[in-house]
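*Asks:* fold the following for me, if possible:
(chains A and B)
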Amino acid sequence: MSGTKGIGREALREWSAALALAAIVATFAVLAPDFLGARNLSMLAIELSNTAILALGMLLVILPGHIDLSVGSGVGLIGGVAAVLVTRWGWPAVGAMAAAAALALGVWWLMGKLIVSQRMPSFIITLGGLLAFKGLFWLVIQDATVPVSPAGAPNLYARLTTTYLPPWAGWALAAGAAAWLIGGWALRARRAESDGTPYDAELGFLKAFLGAQLAVLFVAVMNGFRGVPLPTLLLAASYLAVSTLTERTAFGRRLYAIGGNAEAALLAGIDVDATVILAFAAMGAAVAVTGFLQTAYAGASTTTVGDLMELDAIAACVIGGTSLMGGRGDARGVLFGALIMTALLNGMTLMAVSPEIKYVTRGVVLALAVWLDTRLSKPA
Amino acid sequence: MTPVLQARGVVKRFPGVVALKGVDFDVSAGEVHALCGENGAGKSTLIKLLSGVHPHGGYEGELLVDGRPAAFRGVGDAQGAGIAAIAQELALVPALSVAENVRLGDWPSRRGLIDWGEARRDAREWLGRLGLDVDPDLPVERLGAGQRQLVEIAKALRLRARVLILDEPTAALAEAEARRLIALVRRLRGEGIAIVYISHRLEEVFEVADRVTVLRDGATVSTRAVAETDRAALIRDMVGRELGDLYPRRAPHPGDVRLELRGVSAEGPGGAVRAIEDVSFAVRAGEVVGIGGLMGAGRTEVLMHLYGAWGRRTGGRVLLDREILDARTPWEALGAGLSLVTEDRRRYGLILDRPVGFNLSLSTLKDLRRRGLIDERAESALNQRDVDELRIKTPSLAARVGGLSGGNQQKVLIGRARRSAPKVLLLDEPTKGVDVGAKVEIYERINALTAKGLAVVLVSSELPELIGMSDRIVMMRGGRVAGEFSRAEATQERLIAAALGQKEAA
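*Replies:* Residues are numbered from 1 along each chain as shown, chains lettered A, B, ... in the order given. You can find the predicted model right below:
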């Protein structure tokens, strides 16, 4: 009905995050020549993993129309619990992380339960969580710096962010990803041909090919420094999990339905409360993984780990086109959003921009991104 | 004498529907002019037009105030001309005080600050004139329905209203409050205010009105002096429509009883006023049982309660295929074999922002699961089948359902309800806001489903539809069953009489 202009708008909106990212990367590439160096990109990849995994969890909570402000404090708390178990209680790293992760799942399940059963706004409950977890975190680590591994003996916890795949493994991974993307395209194209469903095979191939190229390029760059960092594998796994959950499972459909119209979802026979509780439990899992990564990246649990990470996660979602009202957003957008936030911070750090200006810039970019998205999503 | 407010030949169109087809209406100072008609006859549209909700330019024909053409751009203009509508859902802010509400948006100020003393004095004075003595500092939510209405009327009179439009003012009131309101209406008429009075309660019309206009299908049927007419004539005017071939209901071959309600009582959340009491009826396989009644009679509540979406059971039981059904949630009801198409499809039915396919399969995601994932090919095959069979006009399965016409949206909901292979289908106003062509298609779908042994409960406010499509009709009033009619017994006059709680109109 709205003709080519509408289509142009839609395409622009779909690619606006990618365009913004390209602009940021180009700017830093000029202003800070080290930005595109293998070493910096490797660090950027690790930082991205920390932010993006949390943001992907946040997506699951925002889709049904909720919000979680407690995740930053949670990241500190859960990482801190694992560090204390290792350093002070002498637990093996695996056991400590498993226990801390179980704690995260339990606590977030409980928050979800509280929110739906008491009909309290998630904003309030998780704001309470933000404060309470921060306090508990400092109690747990006793305001000290708790290393993630006993001195001089790096364990699995410490290695989370210092492990890199050997070059050959990276290449094997790239080859696998490329084969999977191209193979998936071939399968879809053949199916579409056999049952006559509309499928733009050319565009599909372009997307798959672009993805394969990105995978190869990524491995090439990472191998230029120390290899593919372990956190990026965790990110890849989280991304696959969240995009599959949201796009291919009944759970994901329910999240969109609840966010789109909770009352209609209920009358369509969806157990709204159970679904929201599950989403919060999944958020707990993301908090645990991010907690371990972020703490390991810092080398020790200190009082500032996780500070403001909830806002980065929400910002990544919003920049990636997720509606805070719920019902709209996807994993790919969130990944782009996290990339924009991380690249911005990383580039500015590289240029030795003062912390004051960093905060201001991030705030302005967030507001700009949302403004752009609202403008583009307004009916023509 | 020139009427204060007059509508001449007004035509109001909405996408797909003509709500008013050339209506003439006028009211003079010191007159109460009643407006009657079935639900959907066009009363609300006419009121909205008179009170500026539907602005000038959106309709054809003209409005005259004191004989001069008026072009309201909004409610503000209408209020400026002295026209105030008191809607069924009152426009008060519950958490604000009586004084704040009376002066809502027009707070007296002194040196930039609100002069609360003046606001209180003012509110007390206006409410006193209406015979209401309440503390102006009390929040409106603490008042009863009748008192709230008076607050609203005070607000209107303070704005120098010369025309007061009352939309079912006694619907939410207890008997004593209703009496007081009617007395007030008389007094205001004596003070020279023109009053448009909409009511389903015919006895009130005869008690309070000078003239009465009947609307039907968006057109004026008659305007008479109340003194020269009677109840039977009014009812005839309201319903007098011939049933054509619009209703293709075929005579059923009913099977065993599928759904049975035995003295079911339930109350709304927080002990709200709305409740259903001692409701009993049965639906056989292949049968359509219609439920009629006025708005607020408890029809929707019965459906929603059966479906596990409303109310706490306080008595009685429900049997489905002879087994006790006690669904407390919609998914329990769905699992047991009940399926519901809601009354307000945009608000309670569809996820408007999502595609047609998404909405069609929303209730049956479990059946589409293969190894934990949704089998998208099987899903789109089923969705495509529904789109074809139900003739849903959509650009594609991926199109936003919110972009479809009302009839096609309704078909999506019916497709979804049908997908779960229910034993009993609950339909709440399935043809509301749907054009005639789609209506007939929906009726045919109902026939096809009952032919397969489904039992259907059909709630409808349109009497012809109720009579045309139901094999039996249960009329409700005040949360109770007011009468059950076989197809042969059901005439519009009898049904209306039952809904109004009167002896049959002679």
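*Asks:* make sure residue B:339 is indeed in a strand.
*Replies:* Yes. Residue B:339 forms part of a strand when assessed by DSSP: H, G, I helix; E, B strand; the rest coil.
*Asks:* quick check: residues of chain A near chain B?
*Replies:* A:191, A:195, A:197-198, A:244, A:248-250, A:253-254, A:256-257, A:260-261, A:263-271, A:327-328 (Cβ under 8 Å from any Cβ of the partner chain). No exception for glycine: its C-beta is placed from N, CA and C like everyone else's.
*Asks:* what are the structural domain limits within the chain?
*Replies:* Just so you know, I chose chain A. Annotated domains of chain A cover A:3-163+A:229-377, A:164-228 [automatic domain parsing].
*Asks:* wrong chain, I was asking about chain B
*Replies:* According to automatic domain parsing, the ranges for chain B are B:5-239, B:257-500.
*Asks:* nearest to chain A, of those?
*Replies:* domain B:257-500 (3.7 Å; Cβ to the nearest Cβ).
*Asks:* can you tell if that closest one touches chain A?
*Replies:* Yes. Counting by Cβ under 8 Å from any Cβ, chain A has neighbours in domain B:257-500: B:307, B:309, B:329-331, B:333-334, B:340, B:342, B:347-354, B:358, B:362-363, B:365-366, B:368-369, B:372-374, B:376-377, B:380, B:396, B:416, B:420.
*Asks:* and that domain, end to end?
*Replies:* 29 Å (Cα to Cα, to the nearest Å).
*Asks:* so, low pLDDT: which residues of the stretch 301-450 of chain B?
*Replies:* For the stretch 301-450 of chain B, the stretches flagged by pLDDT under 70 are B:436.
*Asks:* could I get the full set of strands for chain A?
*Replies:* Secondary structure of chain A (DSSP state E): strands at A:146-147, A:300-301.
*Asks:* in helices, which of the residues of chain A next to chain B appear?
*Replies:* A:191, A:195, A:244, A:248, A:250, A:253-254, A:256-257, A:260, A:263-267 (DSSP state H).
*Asks:* selection in PyMOL covering whichever of those are buried, please.
*Replies:* Here is the PyMOL command that selects the buried residues among these (16 or more other Cβ atoms under 10 Å in any protein chain shown):
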select buried, chain A and resi 250+253+254+256+257+260+264+265+266+267
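*Asks:* contacts only, for residue B:86.
*Replies:* B:149, B:152-153, B:156, B:164-167, B:169 (Cβ atoms under 8 Å, 6 or more residues apart in numbering or on different chains).
*Asks:* okay, now the unreliable bits of the stretch 51-200 of chain A?
*Replies:* A:196-197.
*Asks:* mind listing the helices for it?
*Replies:* A:71-87, A:93-117, A:122-141, A:156-159, A:167-195 (DSSP state H, counting those that start in this stretch).
*Asks:* try the stretch 401-506 of chain B
*Replies:* So, for the stretch 401-506 of chain B - with DSSP H, counting those that start in this stretch - the helices run B:406-419, B:436-451, B:463-469, B:492-500.
*Asks:* need these in JSON lines (columns: mean neighbour count).
*Replies:* Converted to JSON lines, the helices of the stretch 401-506 of chain B look like this (neighbours: other Cβ atoms under 10 Å in any protein chain shown):
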{"stretch": "helix B:406-419", "mean neighbour count": "23"}
{"stretch": "helix B:436-451", "mean neighbour count": "18"}
{"stretch": "helix B:463-469", "mean neighbour count": "23"}
{"stretch": "helix B:492-500", "mean neighbour count": "20"}
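*Asks:* save those as a markdown table, and put in distance to residue B:286 too.
*Replies:* Listed next are the helices of the stretch 401-506 of chain B as a markdown table, based on distance: least, Cβ to Cβ, whole Å:
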| stretch | distance to residue B:286 |
| --- | --- |
| helix B:406-419 | 16 |
| helix B:436-451 | 5 |
| helix B:463-469 | 14 |
| helix B:492-500 | 23 |
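*Asks:* so is the residue positioned nearest the centre of chain B in a helix, a strand, or just coil?
*Replies:* By Cα atoms, centre = their mean, chain B has its centre lying nearest to residue B:295, at 5.3 Å. Per three-state DSSP, the secondary structure class of residue B:295 is coil.
*Asks:* quick check: the gap between the closest residue in space to residue A:372 that isn't next to it in sequence and chain B.
*Replies:* Distances taken as Cβ to Cβ, 6 or more residues apart in numbering or on different chains put residue A:16 closest to residue A:372, at 5.9 Å, once the chain neighbours are dropped. Relative to chain B, residue A:16 is positioned 19 Å away (Cβ to the nearest Cβ, to the nearest Å).
*Asks:* list the contacts of the one helix or strand residue B:148 maps to.
*Replies:* Residue B:148 belongs to helix B:145-158 when assigned by DSSP states H and E. With contact meaning Cβ under 8 Å, 6+ apart, helix B:145-158 is reached by B:84, B:86, B:90-92, B:98, B:101-104, B:122-123, B:126-127, B:129-132, B:134, B:140, B:143, B:164, B:169, B:172-174, B:177-178, B:180-181, B:184, B:193.
*Asks:* in helices, which of those residues appear?
*Replies:* Per DSSP H, the subset of the contacts of helix B:145-158 in helices is B:98, B:101-102, B:122-123, B:126-127, B:129, B:177-178, B:180-181, B:184.
*Asks:* which pair of those spans the longest distance?
*Replies:* Farthest-apart pair in the ones in helices among the contacts of helix B:145-158 is B:122 and B:178; separation 27.4 Å (Cβ to Cβ).
*Asks:* more neighbours, those two?
*Replies:* Taking neighbours as other Cβ atoms under 10 Å in any protein chain shown, residue B:122 and residue B:178 compare with residue B:122 leading, 20 against 17.
*Asks:* may I ask you to confirm that the more buried one is in contact with residue B:100?
*Replies:* No. Using Cβ atoms under 8 Å, residue B:122 is not in contact with residue B:100; the gap is 11.2 Å.
*Asks:* could you report the pLDDT at the residue in chain B sticking out farthest from the centre?
*Replies:* Centroid-distance maximum for chain B: residue B:111 at 45.9 Å, with Cα atoms, centre = their mean. For residue B:111, the pLDDT comes out at 82.
*Asks:* for residue B:169, same thing?
*Replies:* So residue B:169 comes in at 85 (pLDDT).
*Asks:* OK, contacts around residue 257?
*Replies:* Just so you know, I chose chain A. Neighbour list for residue A:257: A:264-265, A:268, A:270, A:327, B:351, B:354, B:358, B:362 [criterion: Cβ under 8 Å, 6+ apart].
*Asks:* my bad, the chain I had in mind was chain B
*Replies:* Neighbouring residues of residue B:257 by Cβ under 8 Å, 6+ apart: B:282-285, B:319, B:322.
*Asks:* and residue A:52, how many residues sit next to it?
*Replies:* 32.
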